[in-house]
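Q: no sequence for this one, just the structure:
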């Protein structure tokens, strides 16, 4: 294995798990997350010799990952089936493991662009400017997408959390 391949393999081993977690938050499915990470690292490998600033690789791979996710969603070949119905179950306490699943389900219901903003801003802890650069939009767009995405999450989660908060008072 040459120096190029060794350096790439070391980077992949060090960062693939973190990128897989980000991809999972974007798409809500571990298998699709694995596919997105594979796509991102394949694209990175193709340009590995031309990447001159290795200190910004995480941001570059994250950008490839988010764009691959958004492109996949635009193609429309994949559709999520949503099972409807209201559960009459008592809400779980806010710190219960069930609430993590509810949060992931609610995140999956947020439109892809807003979900990408939420994941980058609040999971990856990127600034507004960094998120805007990754998505190729203005900081104002990032702020409005984050606001709309958070409103959507609150709307989806409010019956769960408001019921559990009432029970704790």
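A: Happy to help now that I have it. Everything numeric in this text was worked out from a predicted model, so none of it was measured. Numbering: from 1, shown residues only.

Q: Nearest residue to the residue nearest the centre of the chain in space, please, no chain neighbours.
A: Residue closest to the mean C-alpha point of the chain, counted by C-alpha atoms, centre = their mean, is residue 26 at 2.8 Å. Once flanking residues are discounted, residue 26 sits nearest to residue 69: 4.7 Å by C-beta to C-beta, 6 or more residues apart in numbering. Where C-beta positions appear, they are placed from N, C-alpha and C, glycine not excepted.

Q: List the contacts of the one you found.
A: Residue 69 makes contact with 23, 26, 27, 36, 112, 116, according to C-beta atoms under 8 Å, 6 or more residues apart in numbering.

Q: Distance-wise, check it relative to residue 49.
A: Look at residue 69 and residue 49: by C-beta to C-beta, to the nearest Å, they are 26 Å apart.

Q: now swap in residue 70 and tell me
A: 27 Å.

Q: So those two - more neighbours on which side?
A: residue 70 (15 against 9; other C-beta atoms under 10 Å).

Q: close enough to count as contact, the more buried one and residue 117?
A: No: using C-beta atoms under 8 Å, residue 70 is not in contact with residue 117; the gap is 10.9 Å.

Q: Residues contacting stretch 39-53, please?
A: With C-beta under 8 Å, 6+ apart, stretch 39-53 has contacts from 4, 7-8, 12, 16, 19, 23, 57, 60-61, 64-65, 68.

Q: swap the cut-off to 7 Å and go again
A: Residues outside stretch 39-53 that contact it (C-beta atoms under 7 Å, 6 or more residues apart in numbering): 4, 8, 12, 16, 19, 57, 61, 64, 65, 68.

Q: Low-confidence stretches in this protein?
A: Within the chain, the ranges that satisfy pLDDT under 70 run 75-97, 159-169.

Q: Walking through the chain, point out its helices one by one.
A: 3-27, 30-46, 57-75, 97-109, 112-118, 128-135, 139-168 (DSSP state H).

Q: how many neighbours does residue 123 have?
A: When neighbours are counted by other C-beta under 10 Å, residue 123 comes out with 14.

Q: gap between it and residue 53?
A: For residue 123, the distance to residue 53 - C-beta to C-beta - is 24 Å.
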